[in-house]
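Enquirer: Give me a model of this one.
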Amino acid sequence: MLRACLVACLFAAAPLYAADTATGLSDEEAKQGFVSLFDGKTMDGWQGDVKGYVPKDGVMVCKPGGNVFTNKEYADFVFRFEFKLTPNANNGVGIRTPTNVNPAYGGMEIQVLDDSGSAYRTLQPYQYHGSIYGVVPCKRGHQKPVGEWNTQEIYAKGDHIKVTLNGTVIVDADLSKIDENNTIDHQKHPGLHNKKGHIGFLGHGSVVEFRNIRVKEL
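Expert: Okay, the predicted model is just below:
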């Protein structure tokens, strides 16, 4: 009887949805159709400057690297990940981008940046963390202090792009209303309306850590 009670108590204390500690993919997310893009140990499934990103203890560390892209292309999706910054860190997430272009213009770049950094006190609003670089400014003030893990989700469905940082929507954009040749940074963004492309991390010479990288195609 005592043994049965102990077993019952253990199950009662266990979480309803267990997460894979290497990939961060929960049972619930797996049922919803999410898949992991990082096995926590290798750069399998990625291309580009894979030597500039080092897998360590379930974390993908850009130290510092250039651009890496998924081997696969994605059109409509929900992309989730966690990131941790170092002071004045600068990176980005490329979406719907080819691999042979500057993703900020030939695709889209969702900015990854230390908003509190002393080097970035005079940036334009469209350059801060979570912005669609050069195109749509973010809502600031929802980033955690440098050295803490942040959670982020990028939702891309047709012309609708939504960025959620630590539970708060900081970008909610309708790309159909934006002229790729007349953007707020006065640069041409020929990839703004791409229908599909790769997802990538875009290194700019800074140490940034990523983990629990997963995606669901819509």
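Enquirer: Does R211 touch G58 like I think?
Expert: Yes: if you go by CB atoms under 8 Å, R211 and G58 touch, sitting 5.9 Å apart. Yep, even glycine has a C-beta here, placed from its N, CA and C like the rest.
Enquirer: so what sits against both of those two?
Expert: G24, G40 (CB atoms under 8 Å, 6 or more residues apart in numbering).
Enquirer: what about T164, neighbour count?
Expert: 19 (other CB atoms under 10 Å).
Enquirer: repeat for S206
Expert: With other CB under 10 Å as criterion, S206 counts 20.
Enquirer: With the one 3 residues further on instead?
Expert: If you count neighbours by other CB under 10 Å, E209 ends up with 20.
Enquirer: and it, backbone torsions?
Expert: Dihedral angles of E209 (phi, psi; degrees, to the nearest 10) stand at phi -110, psi 140.
Enquirer: Name the helix or strand for the residue lying closest to it once chain neighbours are set aside, please.
Expert: With sequence-adjacent residues excluded and distances taken as CB to CB, 6 or more residues apart in numbering, E209 is closest to K84, at 4.4 Å. Per DSSP states H and E, K84 falls inside strand 77-85.
Enquirer: which neighbours does that strand have in its sheet, and in what orientation?
Expert: Sheet pairing of strand 77-85 (DSSP bridges) gives strand 150-157 (antiparallel), strand 208-217 (antiparallel).
Enquirer: would you list every one of the helices in this structure?
Expert: 2-13, 27-32, 103-106 (DSSP state H).
Enquirer: average model confidence for stretch 175-184?
Expert: The pLDDT scores in stretch 175-184 average 96.
Enquirer: ugh, wrong one, stretch 34-46
Expert: According to the model, stretch 34-46 has a mean pLDDT of 96.
Enquirer: buried set for it?
Expert: By neighbour count with 16 or more other CB atoms under 10 Å, stretch 34-46 contains the buried residues F34, S36, L37, F38, G40, M43, W46.
Enquirer: How far off centre is that stretch?
Expert: 14 Å (CA atoms, centre = their mean, to the nearest Å).
Enquirer: do stretch 107-123 as well
Expert: 14 Å.
Enquirer: quick one on the thing from earlier: the more surrounded of R211 and G58?
Expert: R211 (21 against 16).
Enquirer: mind listing what that one touches?
Expert: R211 neighbours (CB under 8 Å, 6+ apart): G24, F38, G40, G58, V59, M60, F81, E82, F83, W149.
Enquirer: As CSV, those residues with distance to Y120 would be great.
Expert: Output for those, formatted as CSV (distance: CB to CB, whole Å):
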residue, distance to Y120
G24, 28
F38, 27
G40, 31
G58, 29
V59, 24
M60, 23
F81, 21
E82, 21
F83, 16
W149, 20
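Enquirer: wait, F77 sits on E153?
Expert: No: in this structure, F77 is not within contact of E153 by CB under 8 Å, at 10.5 Å.
Enquirer: more neighbours, these two?
Expert: F77 (19 against 15).
Enquirer: and that one, what are its bridge partners?
Expert: Beta-bridge partners, per DSSP bridges, of F77: A156, E217.
Enquirer: deepest of the strands paired with strand 77-85, which one?
Expert: Ranked by mean neighbour count under mean count of other CB atoms under 10 Å, these are led by strand 208-217, which reaches a mean of 21.
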